[in-house]
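Asker: one predicted model, sequence on top.
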Amino acid sequence: MNKNFKIGIDYGGTKIEGILMDQSGKEVLRKRSTYDKNYQSGIDTVKSLVEEFDQHSSSKNTVGVCIPGFSSRETGLVNNANCVWINDRPFKKDLEKTLDREIRIMNDANCFALSEAIDGSGANYRSVWGIIIGSGFGGSFVYNKEVVEGVNQVAGDWGHQPLPYPTKEEYDLSVQCQVGNCKRPLCSEQFISGIGFTKIFNQKYGTNLRTREIVALEANGDERAKKEFDLYEDRFARLISVMIGIIDPDAIILGGGMSNVGRLYDNIPKLLPKYTFSDKVRNKVLRNTHGDSSGVRGAAWLWDSDKF
């Protein structure tokens, strides 16, 4: 296998993105493709991207893949993916057969955190916690540039933990979570994901707005939007404080669509001392460096990891 280049694949629900990087992390070629939402179409699209990158580099390269779910070490089957057509399928094995090489595969939150820890906003920190707040809500913990997966492969992935210190209003707003096998009330994803935040806003005010429209309202001084972001930040700070008490990372890096809301980086650090059991909160809350590219870059970096 060529040591000069590496391929990363970000397998999403509507598109598949690929990147060819050199060993320093410099992007050589990038391509994004749409595909039919079925298992074989996804396999074929990955194959097409990898063949194009191999041809461009005149070599057979390592391939890392990030997916919005987990590939079980025990069974080899994918679980809890929002691309439901890959659930309960031997995705890694089938890709390896199709590509005629070993691949490395990991959850997209892990790849995001790894990318930011290696050469992104967390590059100068030993312990990095990456949080994705987009259509879903999840996270990953990286220590010394290595993903800490845990025995169940869910270390740092806090998206379906109960919301701490819930108020009466939050009890009233909560419904049973329908994601994967969660089925819990007061699931934090209902409150912190972009979809959850938007659903609460529309439910309370009788509107039918999209997330970016609510963000624009807040930027223009709308009192309803301001109030809901105040509540959102307080909920987010409560959750972060719990994880600080467990893993106490040097840096907390936000990704996903909601991470583009600039006020989070001013307000959440101010709220953390209210909920964190410490004389001072020293953890840094940072914007990501690579944006939507973090997942695909992290997938490519999987071949620099010693954990496989």
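Answerer: That came through fine. Numbering: from 1, shown residues only.

Asker: quick one, helices of the stretch 51-200 of the chain?
Answerer: For the stretch 51-200 of the chain, the helices defined by DSSP state H, counting those that start in this stretch occupy 91-99, 108-119, 168-173, 189-192, 194-205.

Asker: return the most buried member of these.
Answerer: helix 108-119 (a mean of 28; mean count of other Cβ atoms under 10 Å). Backbone N, C-alpha and C define where each C-beta goes, glycine included.

Asker: helices or strands up against it?
Answerer: Here helix 108-119 touches strand 2-11, strand 61-67, strand 127-133, strand 137-143, strand 146-148, strand 251-255, helix 294-301, going by 3 or more Cβ pairs under 8 Å, 6 or more residues apart in numbering; DSSP states H and E.

Asker: separation between the closest residue to residue 193 other than its chain neighbours and residue 176?
Answerer: Excluding the flanking residues, the one nearest residue 193 by Cβ to Cβ, 6 or more residues apart in numbering is residue 137, at 4.1 Å. Using Cβ to Cβ, to the nearest Å, residue 137 is found at 16 Å from residue 176.

Asker: looking at those two, which is more packed in?
Answerer: Neighbours were counted for residue 137 and for residue 176 using other Cβ atoms under 10 Å; residue 137 has more, 30 against 11.

Asker: I'd assumed residue 196 was in contact with the more buried one.
Answerer: Yes - at 7.4 Å, residue 137 and residue 196 qualify as touching, with contact defined as Cβ atoms under 8 Å.

Asker: show me what contacts residue 17?
Answerer: Contacts for residue 17 (Cβ atoms under 8 Å, 6 or more residues apart in numbering) come out as 9-10, 30-33, 295-296.

Asker: other residues contacting stretch 263-279?
Answerer: Contacts for stretch 263-279 (Cβ under 8 Å, 6+ apart): 164-165, 218, 229, 233-234, 236-238, 240-242, 244-245, 254, 258, 280-281, 283, 285-287.

Asker: need the pLDDT of the spatially closest residue to residue 95 that is not a sequence neighbour.
Answerer: Excluding its sequence neighbours, the residue lying closest to residue 95 (Cβ to Cβ, 6+ apart) is residue 103, at 5.5 Å. Looking at residue 103, its pLDDT reads 97.

Asker: bridging residues for residue 103?
Answerer: Bridge pairing for residue 103 (DSSP bridges) gives the partners residue 63.

Asker: and it, how close does it get to residue 8?
Answerer: Distance, residue 103 to residue 8, by Cβ to Cβ: 11 Å.

Asker: what's the answer for residue 270, then?
Answerer: Relative to residue 8, and taking Cβ to Cβ, residue 270 is found at 36 Å.

Asker: higher neighbour count, the two?
Answerer: residue 8 (30 against 11).

Asker: pull the number of nearby residues for the residue lying closest to that one once chain neighbours are set aside.
Answerer: Distance criterion Cβ to Cβ, 6+ apart; nearest residue to residue 8, sequence neighbours excluded, is residue 300 at 3.0 Å. For residue 300, the neighbour count with other Cβ under 10 Å is 32.
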